[in-house]
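> sequence isn't available, so here's the structure alone:
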């Protein structure tokens, strides 16, 4: 029996709020979904701290991963199959990479990565290649199959079309998370005509292109992505929660390294504090464990850890104002000194945060992290880069959206009610008295 080509006796179907149904016909896909490493994604939120702003945003990396798989399955089974320039032998590696692309995300994803200098894609590859249930399933296809899937994740796979379906400026990952995140947050920004985009996608010799008749659908997709980043992903209140989350972990790490005695030993975090993490320790950590410790740390003797943990658990977040230290360096340094005078450590209570995104970019050869553009197939069969044929896309191409804010506990400044706190508020442009 050829395991890689074995079909299930009865097709498995997941009900899904975005795609209506997710279809599983391949035994290897069904077995991968059942592994403990994939099931762990149920305990990792897709949008991190965003649930503290949009209360419906409780969905997980698990259902997003299923969604990406379903989009790719439709492309390779319904759109590409039988077409010139597409080798159907790439089907299974493409489906597996789509399903497993987020396998290495840690709890609260990017915030957690920033604190401990981790790379979720690197951990995804380690899970694919290490002593895991996922690796055991992939090995049943062929001994070199786990490495093939890992090459797709690393963007090193020989067929660039396989990579582009999962990681490009118009890929299944983005098409799923925009719609899924819009659905669960309750906003309208992330909706676009995915059906139209899929219908006009075509494989070519070394890339996936969009037929000229689909330009308007792609424009809609790019603007939807832009709006989602501005209105949801970079929401300043969600960023406030993320700042506090990062500071909790930084404080706990600092205390552990200083020999502080915790009331409840932070056993699951020790490897991360010491930067000596095994794959098993990484996989074992999920958001349920973080929440448990945040609850426990509300009772710690350390005032900062106790306060920050209570703020996160009970949603007592920091206030924020627009402030760019690069433009106001003297004011920034003065504010740090004033916070210290007030008895608030600026490392934890006066935090600068910046966000940046490119809605769309054209290809710049030789640049690090250069982005492959979206190509349009014209009626005569020639190709053109999207911004050359769309005035709307041209208007946002290469225009980085950057935002600077500082976060701080405004209510503590009000409670201090002294000249130092008034001076801080004045420099930040905040009213020096509470509104009645």
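Right, received. Where do you want to start? No experiment lies behind these values; they were computed from the predicted model shown.
> only C-alpha atoms from now on, for both contacts and neighbour counts.
Will do.
> please work out which residues outside the lengthiest strand in the chain touch it.
Longest strand in the chain by number of residues (criterion: DSSP state E): strand 7-16. Around strand 7-16, the neighbours that count as contacts under Cα atoms under 8 Å, 6 or more residues apart in numbering are 21-27.
> show the buried residues in those residues.
Buried members of the contacts of strand 7-16, scored by 16 or more other Cα atoms under 10 Å, are 22-27.
> closest one of the residues you listed to residue 87?
Residue 87 lies nearest to residue 26 out of the buried ones among the contacts of strand 7-16, by Cα to Cα, at 18.0 Å.
> which ones are touching that closest one?
The contact partners of residue 26, by Cα under 8 Å, 6+ apart, come to 4-8.
> quick check: pLDDT value at residue 324.
pLDDT for residue 324: 95.
> and residue 74, how far from residue 67?
Applying Cα to Cα, to the nearest Å, the value for residue 74 to residue 67 is 11 Å.
> could you do residue 139 as well?
Noted for residue 139: a distance of 24 Å to residue 67, by Cα to Cα.
> which one's more surrounded, these two?
Neighbour count, other Cα atoms under 10 Å: between residue 139 and residue 67, residue 67 has more, with 27 against 18.
> run a quick neighbour tally on the spatially closest residue to the more buried one that is not a sequence neighbour.
Excluding its sequence neighbours, the residue lying closest to residue 67 (Cα to Cα, 6 or more residues apart in numbering) is residue 176, at 5.9 Å. The number of residues packed near residue 176 is 24, by other Cα under 10 Å.
> so how far is whichever helix or strand residue 176 is part of from its chain's centroid?
Assigned by DSSP states H and E, residue 176 belongs to helix 172-185. Relative to the chain's own centre, helix 172-185 is displaced by 11 Å; criterion: Cα atoms, centre = their mean, to the nearest Å.
> ditto for stretch 189-208
Centroid displacement of stretch 189-208 relative to its chain, using Cα atoms, centre = their mean, is 22 Å.
> which positions within that stretch qualify as buried?
For stretch 189-208, a neighbour-count test (16+ other Cα under 10 Å) marks 189-192, 194, 197-198, 200-203, 207-208 as buried.
> Provide the contact partners of stretch 257-268 at residue level.
Stretch 257-268 is contacted by residues 273-274, 281, 285, 293, 296, 300 when judged by Cα under 8 Å, 6+ apart.
> mind listing which of the residues you listed are in helices?
Among those, the members found in helices (DSSP state H) are 273, 281, 293, 296.
> give me the neighbour count for the third one.
It refers to residue 293. Neighbour count for residue 293, taken as other Cα under 10 Å: 17.
> returning to what we had before: let me know the angle separating the longest strand of the chain from helix 172-185.
40 degrees (axes from the mean of the first three to the mean of the last three Cα atoms, to 10 degrees).
> partners of strand 7-16, with directions?
Applying DSSP bridges to the sheet, strand 7-16 is found paired with strand 20-26 (antiparallel).
> now the strand it pairs with: how far from the chain's centre is it?
When distances are taken as Cα atoms, centre = their mean, strand 20-26 is centred 24 Å away from the chain's centroid.
> quick check: next helix or strand after it?
Assigned by DSSP H and E, the successor of strand 20-26 is helix 27-33.
> by contact count, what packs against whichever helix or strand comes after that next one?
Heading C-terminal from helix 27-33, the first helix or strand you meet, by DSSP H and E, is helix 36-39. For helix 36-39, the elements it packs on are helix 133-141, judged by 3 or more Cα pairs under 8 Å, 6 or more residues apart in numbering; DSSP states H and E.
> who wins on neighbours among the contacts of stretch 257-268?
Each of the contacts of stretch 257-268 was scored for neighbours by other Cα under 10 Å, and residue 273 scores highest at 20 neighbours.
> what separation do you get for that residue and residue 256?
To residue 256, residue 273 is 7 Å away according to Cα to Cα.
> same check on residue 345?
Distance of residue 345 to residue 256, computed by Cα to Cα: 18 Å.
> could you list the low-confidence segments of this structure?
The model of the chain has pLDDT under 70 over residues 1, 362-371, 433-436.
> show me where it has strands.
For the chain, strands defined by DSSP E occupy the ranges 7-16, 20-26, 201-203, 208-211, 319-322, 351-357, 375-377, 383-385, 401-408.
> just how off-centre is the longest one within its chain?
The chain centroid and the centroid of strand 7-16 are separated by 28 Å under Cα atoms, centre = their mean.
> same question for stretch 40-49.
On Cα atoms, centre = their mean, the centre of stretch 40-49 falls 10 Å from the chain's centre.
> same deal with stretch 268-280?
Going by Cα atoms, centre = their mean, where stretch 268-280 is centred and where its chain is centred differ by 22 Å.
> ditto for stretch 343-354
Taking Cα atoms, centre = their mean, the mean C-alpha location of stretch 343-354 is offset from the chain mean by 24 Å.
> can you give me the end-to-end span of that stretch?
One end of stretch 343-354 to the other measures 25 Å (Cα to Cα).
> got the contact list for it?
Around stretch 343-354, the neighbours that count as contacts under Cα under 8 Å, 6+ apart are 239, 243-244, 247, 304, 323, 325, 336, 339-340, 402-409.
> just give me the closest of the buried residues of stretch 189-208 to residue 85.
Proximity of these to residue 85 was ranked by Cα to Cα; the top entry is residue 203 with 5.9 Å.
> which of the ones in helices among the contacts of stretch 257-268 sit farthest apart?
281 and 296 (20.6 Å).
> let me have the buried residues of stretch 189-208 in TSV, extended by distance to residue 319.
Formatted as TSV, those follow (distance: Cα to Cα, whole Å):
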residue	distance to residue 319
189	26
190	27
191	31
192	34
194	38
197	41
198	43
200	46
201	45
202	48
203	49
207	46
208	45
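> for the stretch 201-350 of the chain, which segments count as helices?
Ranges of helices within the stretch 201-350 of the chain are 215-228, 236-257, 270-273, 279-284, 287-297, 303-313, 329-341, 346-349, based on DSSP state H, counting those that start in this stretch.
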